[in-house]
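Peer 1: Got a predicted structure plus its sequence, pasted below:
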Amino acid sequence: VSQVTNQPADIMIERWIVREHEELRPQQQKALQKMHRDAVRGLVEDIKAMTPSKVYRASMAMNYAFFAELSDYLLQDYLGPFRRTTHAEDGERLRALTPDANPNSLTWDIRMADAWAEILGIRAWYTWLEFKEVCKEYSLRGCGEVGSASQRLEGERA
């Protein structure tokens, strides 16, 4: 779930770094290379065999879309290992939703994540919460309630 709720916005962030912060490009390249290595490791049969098929298919389609977008934007071939997979069709459907413009809003991030999740058939897997609801759920300090999640769990067990 975190991949679908973060990756569309991550594409916009990487583009923004390229456009606005050339001085960060060396760090960006290192980070993207690590992300790419980690994603490519997921292509091996062992990982595929132990991952639920819907989760695997969705993750690989999102990786395809992410690295295809960055390959085009950075003029660097991050897509290579993903071209030989069956995930290109879903990945291209996700890419088609990704605008050339760089919207900068939480509303856009939520809409894009939901659109990707719909295409992948996983939209029912999560619910967006208002920040104040997250604070209530986890009883975080500084959110208006005092106490930790572990204190709350202990109280529920009693």
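Peer 2: Alright, I've got the coordinates.

Peer 1: pLDDT below threshold where in this structure?
Peer 2: When residues are selected by pLDDT under 70, those of the chain lie in 101-102, 136-158.

Peer 1: quick check: longest helix of it.
Peer 2: The residue-count maximum for a helix in the chain (DSSP state H) belongs to helix 53-74.

Peer 1: Show me the contact partners of it.
Peer 2: Helix 53-74 is contacted from outside by 3-4, 7, 10-11, 14-15, 18, 32, 36, 39, 42-43, 47-48, 51, 76-79, 82, 85, 87-88, 90-95, 98, 116, 120-122, using Cβ atoms under 8 Å, 6 or more residues apart in numbering. C-beta coordinates here come from the backbone N, C-alpha and C atoms, glycine included.

Peer 1: In contact with Leu24, which residues are there?
Peer 2: Leu24 touches Ile17, counting by Cβ under 8 Å, 6+ apart.

Peer 1: one more time with 10 Å, if that's ok
Peer 2: 17-18, 31 (Cβ atoms under 10 Å, 6 or more residues apart in numbering).

Peer 1: try Gln3
Peer 2: Per Cβ under 10 Å, 6+ apart, neighbours of Gln3: 10, 55, 58-59, 62-63, 66, 113, 116, 120, 122.

Peer 1: Go through those and name the one nearest Glu130.
Peer 2: Within the contacts of Gln3, proximity to Glu130 (Cβ to Cβ) peaks at Ala113, which comes in at 16.0 Å.

Peer 1: isn't Tyr126 right up against Asn6?
Peer 2: No. Using Cβ atoms under 10 Å as the test, Tyr126 is too far from Asn6 to be in contact (11.7 Å).

Peer 1: Spit out the residues that contact those two alike.
Peer 2: In contact with both Tyr126 and Asn6: Ala113, using Cβ under 10 Å, 6+ apart.

Peer 1: one step back: just the buried ones from the contacts of helix 53-74?
Peer 2: Taking 16 or more other Cβ atoms under 10 Å as the criterion, what is buried in the contacts of helix 53-74 is 3-4, 7, 10-11, 14-15, 18, 32, 36, 39, 43, 78-79, 82, 87-88, 90-91, 93-95, 98, 116, 120, 122.
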